[in-house]
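S.K.: Build me a model from this:
(one chain, ligands or ions: 1)
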Amino acid sequence: MGAHNLRLIVAITGASGVIYGARLLKVLREKKIEVYLIVSKAAEKVIEYELEITKKDLKKLAQHVYDVNDLDAPIMSGSFQTDGMIIIPCTMKTLAGIAHGYADNLILRAADVTLKERRKLVVVPRETPLGIVHLCNLLEVSKLGVLVVPAMPAYYHKPKTIDDLVNFVVGKVLDCFNLEHRLFKRWSGIKGRKLN
Ligand SMILES: Cc1cc2nc3c(=O)[nH]c(=O)nc-3n(C[C@H](O)[C@H](O)[C@H](O)COP(=O)(O)O)c2cc1C
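M.R.: Residues are numbered from 1 along each chain as shown. Purely as a prediction, here's the structure:
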């Protein structure tokens, strides 16, 4: 979108790990990035269960919030320009919808639009073990140009807390948009080599 602050769509769906979405929203707010947030109905339940906060608390972290059934929101149209979309965490159901263009809610429609406009779409899938349908859909979306960043933290940054693990995944999402951060220590060789 040119020289301006980023404008991103963030969707939180009903997978375990809604803490990743909440952390991303906090970081984007600190970075003064304009966020258009959609929370699925299933995610509202998981947010209450896993984070012990209400959907209202979470929604305060974004400037613009749309209902998942609001099918005439600006972000449902390609004419509304954004720099991309992040679905964090992303359920296998929402993944299936993206893979097959089944856009029956605002999250799926916004993802469909992001793809058709050739904008960046990042998904953070969360499921284990992965079944064949899940794996096929992950391959399908990857072929479509979606960046798949699984909720799969690394351990080379020597995490000590759950926060460290969450920050790793959120940091990898920020990397997809070249957004600077210090959410984890980057690998620089076993002995912390200096760059040549
Ligand atoms: C506590 C809880 C955890 C869940 N975790 C996952 C998960 O990790 N991955 C997943 O694909 N679905 C998970 N589900 C199931 C989804 O919420 C369900 O498939 C839902 O229809 C997804 O809808 P959505 O994609 O519109 O959010 C979970 C459900 C609950 C209640």
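
S.K.: The helix or strand hosting Leu95 and the ligand in contact?
M.R.: Taking DSSP states H and E as the criterion, Leu95 maps to helix 92-100. Yes. Applying Cβ under 6 Å from any ligand atom, one finds that helix 92-100 is in contact with the ligand at Met92, Lys93, Thr94. All C-beta atoms are positioned from the backbone trio N, CA, C, and that covers glycine.

S.K.: Quick check: chain neighbours aside, which residue is closest to the second one?
M.R.: Of all residues beyond its chain neighbours, the one nearest Lys93 is Thr13 (7.5 Å), with distances taken as Cβ to Cβ, 6 or more residues apart in numbering.

S.K.: go on, the last one?
M.R.: In this structure, Thr94 finds its nearest non-sequential neighbour in Thr13, 4.6 Å apart by Cβ to Cβ, 6+ apart.

S.K.: May I have the residues that are in contact with that neighbour?
M.R.: Thr13 is in contact with Ser40, Ala42, Ala43, Ile87, Pro89, Cys90, Thr91, Lys93, Thr94, Ile107, counting by Cβ atoms under 8 Å, 6 or more residues apart in numbering.

S.K.: which one of those residues sits closest to Gly189?
M.R.: Closest to Gly189 out of the contacts of Thr13 is Pro89 (31.5 Å), distances taken as Cβ to Cβ.

S.K.: Look up phi and psi at that closest one.
M.R.: Here is the backbone geometry of Pro89 (degrees, to the nearest 10): phi -80, psi 160.

S.K.: and the longest helix anywhere in the chain, what other elements does it pack with?
M.R.: When the chain is scanned for its longest helix (criterion: DSSP state H), the result is helix 162-176. Applying 3 or more Cβ pairs under 8 Å, 6 or more residues apart in numbering; DSSP states H and E, one finds that helix 162-176 contacts helix 18-30, strand 84-90, strand 120-125.

S.K.: So the residue nearest to Thr94 versus the ligand, what's the distance?
M.R.: 3 Å (Cβ to the nearest ligand atom, to the nearest Å).

S.K.: could we number from 680 for the rest of this?
M.R.: Right, with 680 as the first residue, what we last looked at is Thr692.

S.K.: that older thread, report the buried residues of the longest helix of the chain.
M.R.: Asp843, Leu844, Val845, Asn846, Phe847, Val848, Val849, Gly850, Lys851, Val852, Leu853, Asp854 (16 or more other Cβ atoms under 10 Å).

S.K.: same thing with stretch 701-717?
M.R.: Going by 16+ other Cβ under 10 Å, stretch 701-717 has these buried residues: Ala701, Arg702, Leu703, Leu704, Val706, Leu707, Ile712, Glu713, Val714, Tyr715, Leu716, Ile717.

S.K.: Before I go, just wanted to say thanks for your time.
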